[in-house]
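1. Here is a sequence together with a model predicted from it:
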Amino acid sequence: MSMLSDFRGRTCAICGEDDPRILMEAHHVFGRANGKEVLSLCKNCHSKVTLTQDLLPPKKRSRHANEADRRNFEDVSIGSLLELIGEKLKKRGLGKYGRCRKSV
């Protein structure tokens, strides 16, 4: 069984998409070469996170990168996930209030 098929019917860790017809993708939090930690993400959220990770050159995010570069890649990876999750939480929290006040 492929890793991606294991994610069918799961919920996107960022946006909460849970339509069982949607195939979730396995996102390698620190890149395939750097760890086994995976999250279930829908295609849209996975693309957004990966695009941010890809801002760093491949050599800076490979298993052969020096410790400082690997740490930078971890920071970018976690930061990208937290940024997207934070946006979803803000929208959900402000949803019932509409746009009555400007965001800080």
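-> Received, thanks.

2. The longest helix seen in the chain packs against which elements?
-> Of all segments of type helix in the chain, defined using DSSP state H, the longest is helix 67-95. Applying 3 or more CB pairs under 8 Å, 6 or more residues apart in numbering; DSSP states H and E, one finds that helix 67-95 contacts helix 43-53. Any C-beta I mention is one placed from the backbone N, CA and C, and that applies to glycine too.

3. Any buried residues in the helix it packs on, and which?
-> Judged by neighbour count (16 or more other CB atoms under 10 Å), helix 43-53 contains these buried residues: 45-46, 48-50, 52-53.

4. Look up how far residue 25 lies from the residue lying closest to residue 10 once chain neighbours are set aside.
-> Taking CB to CB, 6 or more residues apart in numbering as the measure, residue 10 lies nearest to residue 40, with 4.1 Å between them; neighbours along the chain are not counted. Spatial separation of residue 40 from residue 25 under the definition CB to CB, to the nearest Å is 8 Å.

5. Check residue 14 too.
-> Using CB to CB, one gets 11 Å for the distance from residue 14 to residue 25.

6. which residues do those two both contact?
-> 41-42 (CB atoms under 8 Å, 6 or more residues apart in numbering).

7. Which one's more surrounded, those two?
-> Using other CB atoms under 10 Å as the criterion, residue 14 and residue 25 rank with residue 14 on top: 24 against 20.

8. can you list the residues that contact stretch 34-41?
-> By CB under 8 Å, 6+ apart, the list of residues contacting stretch 34-41 reads 3, 7, 10-14, 24-30, 49, 61-63, 70, 73, 81.
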